[in-house]
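>>> sequence and predicted structure are below.
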Amino acid sequence: MSRRQASSTRRGGSFPFVGALNSKSKSSPLLSTCLFLLGAFLLIGYAFRGSGAFGRGREAISHIEGDFSCTLEVQRAIPILKKAYGDSMRKVLHVGPDTCSMVSKLLKEEETEAWGVEPYDIEDADGNCKNLVRKGIVRVADIKFPLPYRAKSFSLIIVSDALDYLSPKYLNKTLPEFARVSADGLVIFTGHPGQQRAKVAELSKFGRPAKMRSSSWWARFFVQTSLEENEAAIKKFEQAALKNSYKPNCQVFHLNSYH
């Protein structure tokens, strides 16, 4: 009798939780169902992130290493820009890294034609970007040299994530060139001092670390290059931004074209 009790104790004492687990498994099928549903949701979420809305957001900053992207900021600002510039948004040239994502976004807008200039290497670009390049909608060009367009070829030029990597020596040539090929204005999205962009691994691509300049520095530079701020566009942009509770994460400058 005592021997049987000892044997029984060993079986129960070796795995005290087995009986409880079996009991819970039999009495709680809800647990298995919940675990199955949780796994399914995780798989769906992962797939959605790669190809859906999250994927689009990541695509906009995929080639810009750092804490923020002014190109992504431009995409957020499209409704505000349309209210500020009206018909001038019908023929737009975007200049900057990841211009393919920007151009693709603009082409989805009604009554908007868009082109892009990518200042840097696009070897790792996706199929959509390479298709835009093949069609001539996007060009790869060094913006330190004259753009391959005639004067006033576009109604509006939008620049983002490009000027922060240029020294004043090249800015003196590049900004007037942008003003030359635009008919109705030039919009610049640039970083704030203190914001970080371009990790060490990307310096070979951009050529130099990004230099974030203050609004006062830009104001002096615009005067030196005979570029006037577009007061009418500034007022409309600020009114539209206030009405839509939009606050840009980048500095935004509105300039007149050369006439």
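Everything's here; your move.
>>> low-confidence ranges in this protein?
Within the chain, the segments meeting pLDDT under 70 span 1-32, 34, 36-68, 195-208.
>>> could you pull out the strands in it for me?
In chain order, the chain shows strands spanning 91-95, 113-118, 138-140, 156-160, 186-190, 251-255, with DSSP state E as the criterion.
>>> the first one pairs with which strands, parallel or anti?
So that's strand 91-95. Paired neighbours of strand 91-95 in the sheet (DSSP bridges): strand 113-118 (parallel), strand 156-160 (parallel).
>>> what's in contact with that strand?
74, 102-103, 106, 112-117, 119, 143, 149, 153-160, 162, 178, 181-182 (CB atoms under 8 Å, 6 or more residues apart in numbering). Just so you know, the C-beta spots here come from the backbone N, C-alpha and C atoms, and that holds for glycine as well.
>>> drop anything exposed from those.
Buried residues within these, counting neighbours by 16 or more other CB atoms under 10 Å: 74, 102-103, 106, 114-117, 119, 143, 149, 153-160, 162, 178, 181-182.
>>> tell me the contacts of the nearest residue to Asn172 once chain neighbours are set aside?
Once its chain neighbours are removed from consideration, Asn172 has its nearest residue in Thr225; the separation is 6.3 Å (CB to CB, 6 or more residues apart in numbering). Counting by CB under 8 Å, 6+ apart, Thr225 makes contact with Leu171, Asn172, Leu175, Pro176.
>>> the last one reaches Phe222, doesn't it?
No - at 10.7 Å, Pro176 and Phe222 do not qualify as touching, with contact defined as CB atoms under 8 Å.
>>> compare the two (neighbour count), which wins?
Taking Pro176 and Phe222 together and counting by other CB atoms under 10 Å, Phe222 has the greater number of neighbours (17 against 13).
>>> what sits against that one?
Residues counted as contacts of Phe222 (CB under 8 Å, 6+ apart) are Glu228, Glu229, Phe253, Leu255.
>>> nearest residue to the first one in space, ignoring adjacent ones along the chain?
The spatial neighbour of Glu228 that comes closest, neighbours along the chain excluded (CB to CB, 6+ apart), is Asn256 at 4.7 Å.
>>> count of neighbours near that neighbour?
The number of residues packed near Asn256 is 18, by other CB under 10 Å.
>>> how near is it to Val74?
Here Asn256 is placed at a distance of 19 Å from Val74 (CB to CB, to the nearest Å).
>>> and the gap between the closest residue to Asp184 other than its chain neighbours and Ala114?
Distance criterion CB to CB, 6+ apart; nearest residue to Asp184, sequence neighbours excluded, is Ser88 at 4.0 Å. Using CB to CB, one gets 13 Å for the distance from Ser88 to Ala114.
>>> with His259 instead?
The span separating His259 from Ala114 equals 24 Å under the rule CB to CB.
>>> for Glu228, same thing?
25 Å.
>>> do the same with Lys130
17 Å.
>>> how about Ser182?
Distance, Ser182 to Ala114, by CB to CB: 14 Å.
>>> contacts only, for Arg76.
Under the criterion of CB under 8 Å, 6+ apart, the neighbours of Arg76 are Tyr246, Pro248.
>>> so Asp142 sits against Tyr120, correct?
No - with contact defined as CB under 8 Å, Asp142 and Tyr120 do not form a contacting pair (9.0 Å).
>>> more neighbours, those two?
Remark: of Asp142 and Tyr120, Tyr120 carries more neighbours, 21 against 13, as counted by other CB under 10 Å.
>>> for burial, what's the neighbour tally of Lys91?
Close neighbours of Lys91, defined as other CB under 10 Å, add up to 18.
>>> hmm, I typed the wrong one, I wanted Lys235.
Per other CB under 10 Å, the neighbour tally for Lys235 reads 12.
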